[in-house]
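Novice: just coords:
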């Protein structure tokens, strides 16, 4: 449980109002505000920063204005929601890779929130996750500001999360602990096959699109318009992090490891 000072700081960080009670409107508002303000990024993997899944992650997200991957931003939201009185559980997932292969277990972390007997999928850490909660009981297409999502029961067990008919990841509906992800966090941090070591990216959803900085290349999607810009030097890249994502770095991330699988990290 977070104290009121930290809860208020978190809400200010994402530009959210405090719900009067733990209800669905408040949940939708909090998820949307986090999606629109907290970047999906892997800079820490290339800055030799520790990746925290416990409450230490709040320093990075709340005080440093940074973001992270699913192991960081979704636990942070878990701590906030729990402190606001929501009933929240941690669900593990397996990522559908571009070639059709299903990734290893525990490689994605999402949240399940139970409200008045209904269960909702809340995910702010996949890159192409929905902006609003998804009804875990529904198998119909669910319209969202960021696309048409659908939950489908997998023949082998679990629930596939689809966007526009294409599978993103498969959820296991058995709740786990955050600490259970430590072995896969170690793999993400050390394996040449880790998708987080293949590229350097920082991506933020906007009301009508997305802003993504990969290395020294900035891509902007605004409605149906796409534009891009390549920065010629390190100073301009550092300035771009401040201008577009609201945080400062004292140095650029290191060059990514090349080769290996490019599975699972979706930023587009």
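Specialist: Arrived safely. Quantities reported herein were computed from a predicted structural model and do not represent experimental measurements.
Novice: Determine the number of other residues adjacent to residue 224.
Specialist: The local packing count at residue 224 equals 7, with neighbours defined by other Cβ atoms under 10 Å. Using the backbone N, CA and C atoms, a C-beta is placed for each residue, glycine as well.
Novice: now it: how far from residue 131?
Specialist: 18 Å (Cβ to Cβ, to the nearest Å).
Novice: mind listing the helices for this structure?
Specialist: With helices called from DSSP state H, the chain shows them at 4-14, 24-37, 43-46, 57-58, 70-83, 182-190, 234-245.
Novice: what's residue 192 sitting at in phi/psi?
Specialist: Comment: the main-chain dihedrals of residue 192 come out as phi -60, psi -20, following degrees, to the nearest 10.
Novice: sorry, that was for residue 164
Specialist: Residue 164 adopts backbone torsions of phi 60, psi 30, taken as degrees, to the nearest 10.
Novice: What is the neighbour count of the nearest residue to residue 133 once chain neighbours are set aside?
Specialist: Counting by Cβ to Cβ, 6 or more residues apart in numbering, the nearest residue to residue 133 once its immediate chain neighbours are dropped is residue 120, at 3.9 Å. Here the neighbour count serves as a burial measure; for residue 120 (other Cβ under 10 Å) it reads 21.
Novice: Likewise for residue 6?
Specialist: Burial of residue 6 is recorded as 18 neighbouring residues (other Cβ under 10 Å).
Novice: Could you check the pLDDT of it?
Specialist: Looking at residue 6, its pLDDT stands at 98.
Novice: what about the residue nearest to it when sequence neighbours are not counted, distance to residue 73?
Specialist: With Cβ to Cβ, 6+ apart as the measure, residue 58 is the residue that lies nearest to residue 6, at 6.6 Å, once sequence neighbours are left out. Plainly put, residue 58 is 11 Å away from residue 73 if you go by Cβ to Cβ.
Novice: between these two, which one's more packed in?
Specialist: Here residue 58 and residue 73 are set side by side on neighbour count (other Cβ under 10 Å), and the busier one is residue 73, at 27 against 21.
Novice: per-residue pLDDT, the spatially closest residue to that one that is not a sequence neighbour?
Specialist: For residue 73, ignoring the flanking residues on the chain, the nearest one in space by Cβ to Cβ, 6+ apart is residue 125 at 4.3 Å. On pLDDT, residue 125 comes in at 97.
Novice: And residue 125, how far from residue 34?
Specialist: The spacing between residue 125 and residue 34, counted by Cβ to Cβ, is 9 Å.
Novice: any residues in contact with both of those two?
Specialist: Taking Cβ atoms under 8 Å, 6 or more residues apart in numbering as the contact rule, residue 125 and residue 34 both touch residue 73.
Novice: hmm, back to that, residues contacting the residue nearest to residue 73?
Specialist: Residues in contact with residue 125, defined by Cβ under 8 Å, 6+ apart, are 40, 68-74, 109-110.
Novice: again, 6 Å this time
Specialist: Each residue near residue 125 by Cβ atoms under 6 Å, 6 or more residues apart in numbering is listed here: 69-70, 73-74.
Novice: How about residue 188?
Specialist: Shown in contact with residue 188 (Cβ under 6 Å, 6+ apart): 194, 196.
Novice: any idea what sits nearest residue 37, other than its immediate chain neighbours?
Specialist: Ranked by Cβ to Cβ, 6+ apart and with sequence neighbours excluded, the top spatial neighbour of residue 37 is residue 14, at 4.6 Å.
Novice: Quick check, that neighbour in contact with residue 33.
Specialist: Yes - proximity of residue 14 to residue 33 meets the contact threshold set by Cβ atoms under 6 Å, at 4.3 Å.
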